[in-house]
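1. my questions concern the predicted model and sequence given below.
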Amino acid sequence: MKKAFILVNTGSPAELSAAACKTFLREFLSDPDVVPAPFFVRYPLARVIASKRAEAYLANLKKISRGGVPRLVEACAGLARKIAAMTGTETFAAHRYGAFPVAEAIRAARDSGARDFRFLPMFPQSASSTTFSVKREVFAHRREGEVFRFHENYFDDGAYISALAALFGRFGDRSLPTLASFHSVPVSQDGKTGYSAQCRKTAGLLASAAGLADVSVVWQSQMGGPLKWLGPSASAEIGRLSASGVDGVNVVCPGFACDCTETLVEIAEGLKGEFLSRGGRVFNYVPCLNDSPEHAAALAGIFERMK
């Protein structure tokens, strides 16, 4: 039975336009796994937020695009090519929202003759707003006679941790405090997957592999509102370090497989600016694994081991 590998990331607007960004944000925020509220609340709210944020989101996307292609889309496509070359198995880079959605990737794999589909959501730690959403979408398209294999997380995978440690060795400074910034989720959702425990495990394993005394876990992208979110925030921790006289820091984002607005704009630009404005001198942002050969090899190994 011919197999196909399908990577799934959050995605990106179909094009760099305000209209496409609005559609993307509306689709994302309408997902019940992302905003766990009744449809009559969730959908109007998604429309309002998408309309308000589309222009700002477009401006941020343009900052991190190359030749009109968002960095995340470019990196995911590069990973798919590398994994295909390593394994000899056709590999597709799909997105949960926006351009080249999951349904399209499955259709392309079917057209190539595949009947054994292996899906890997590119979220090392499982969260209901990412992993569960992807899983629900994937299995909605399964047909009788097809095999769907789904790998839920790889937060403690040895090759993934080794790749993170090697990258830290290139961009980090072991003499400075290190923050591992993960995407925050509402505390009420955390227990469904053990997300925060997985994040802390990744940080601990990274510290051991990279020879660090400690890696502090912080959280970014809290949306606010009436819900309580995982903390402390990356911003609050930067403030605490600055106030204590620390003038240098490393920041790594091991919950993001590929760089995107949340890492390059929110952290490498925004958090860095905040730290320097408070008197900091050195801010080392350790990039995501992106489409590095080490990352491709780690994910290829996960695909090959799926049962």
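-> Arrived safely, thanks for sending.
2. who's in contact with stretch 133-149?
-> Identification of contacts with stretch 133-149 by Cβ atoms under 8 Å, 6 or more residues apart in numbering yields 1, 8, 31, 33-34, 96, 102-103, 106, 115-119, 121, 123, 150, 152, 306-307. C-beta here means a position set from N, CA and C on the backbone, and glycine is covered the same way.
3. list buried residues within these.
-> Among the contacts of stretch 133-149, those scoring as buried are 8, 31, 33-34, 96, 102, 106, 116-119, 121, 123, 150, 152 (criterion: 16 or more other Cβ atoms under 10 Å).
4. what about the residues you listed, which are in helices?
-> Val102, Ile106 (DSSP state H).
5. and which of the buried ones among the contacts of stretch 133-149 is nearest to Phe168?
-> Among the buried ones among the contacts of stretch 133-149, Phe123 lies closest to Phe168 (Cβ to Cβ), at 20.0 Å.
6. before we move on, the earlier item: which one of the buried ones among the contacts of stretch 133-149 is nearest to Ala234?
-> Taking Cβ to Cβ as the measure, Ala234 lies nearest Phe123 of the buried ones among the contacts of stretch 133-149, at 18.3 Å.
7. the closest residue in space to the closest one that isn't next to it in sequence - how many residues pack around it?
-> Leaving aside its chain neighbours, Phe123 sits nearest to Thr130 (4.3 Å; criterion: Cβ to Cβ, 6 or more residues apart in numbering). Around Thr130 there are 25 other residues, counting by other Cβ atoms under 10 Å.
8. which SS class is Thr130?
-> Put simply, Thr130 is helix when judged by DSSP: H, G, I helix; E, B strand; the rest coil.
9. tell me who's in contact with it.
-> Shown in contact with Thr130 (Cβ under 8 Å, 6+ apart): Thr10, Pro121, Phe123.
10. can you tell me which of these are in strands?
-> Taking DSSP state E, the ones among the contacts of Thr130 that sit in strands are Thr10, Pro121.
11. can I get the contacts of Thr130 in TSV with distance to Asp190 and pLDDT?
-> Shown next, in TSV, are these (distance: Cβ to Cβ, whole Å; pLDDT from 0 to 100):
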residue	distance to Asp190	pLDDT
Thr10	19	96
Pro121	18	98
Phe123	14	98
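12. re the thing from before, and the furthest pair within the buried ones among the contacts of stretch 133-149?
-> Val34 and Asp116 (29.6 Å).
13. wait, is Gly280 part of a helix?
-> No. Counting by three-state DSSP, one finds Gly280 to be coil, located in no helix.
14. what's the neighbour count on the nearest residue to it once chain neighbours are set aside?
-> Closest residue in space to Gly280, ignoring its immediate chain neighbours: Asp247 at 5.3 Å, by Cβ to Cβ, 6+ apart. Neighbour count for Asp247, taken as other Cβ under 10 Å: 15.
15. next one: Gly88
-> Using other Cβ under 10 Å, Gly88 has 7 other residues around it.
16. Asn250 should be in a helix, yeah?
-> No. Counting by three-state DSSP, Asn250 is not found in a helix; it is strand.
17. that one and Val8, how far apart?
-> Distance from Asn250 to Val8, counting by Cβ to Cβ, to the nearest Å: 29 Å.
18. how about Arg42?
-> Remark: distance between Arg42 and Val8 (Cβ to Cβ) = 22 Å.
19. on the three-state scheme, the residue nearest in space to the middle of the chain is what?
-> The residue lying closest to the centre of the chain (Cα atoms, centre = their mean) is Phe256, at 3.3 Å. Following three-state DSSP, Phe256 is assigned to coil.
20. now the helix or strand where Ala203 lies: buried residues?
-> Per DSSP states H and E: Ala203 is located in helix 195-210. By 16+ other Cβ under 10 Å, the buried positions in helix 195-210 come out as 195-196, 198-200, 202-207, 209-210.
21. in CSV: these, plus pLDDT.
-> Shown next, in CSV, are the buried residues of helix 195-210 (pLDDT from 0 to 100):
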residue, pLDDT
Tyr195, 97
Ser196, 98
Gln198, 98
Cys199, 98
Arg200, 98
Thr202, 98
Ala203, 98
Gly204, 98
Leu205, 98
Leu206, 98
Ala207, 98
Ala209, 98
Ala210, 98
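22. and which of those residues is nearest Ala18?
-> Checking the buried residues of helix 195-210 one by one against Ala18 (Cβ to Cβ), the nearest turns out to be Tyr195, at 32.4 Å.
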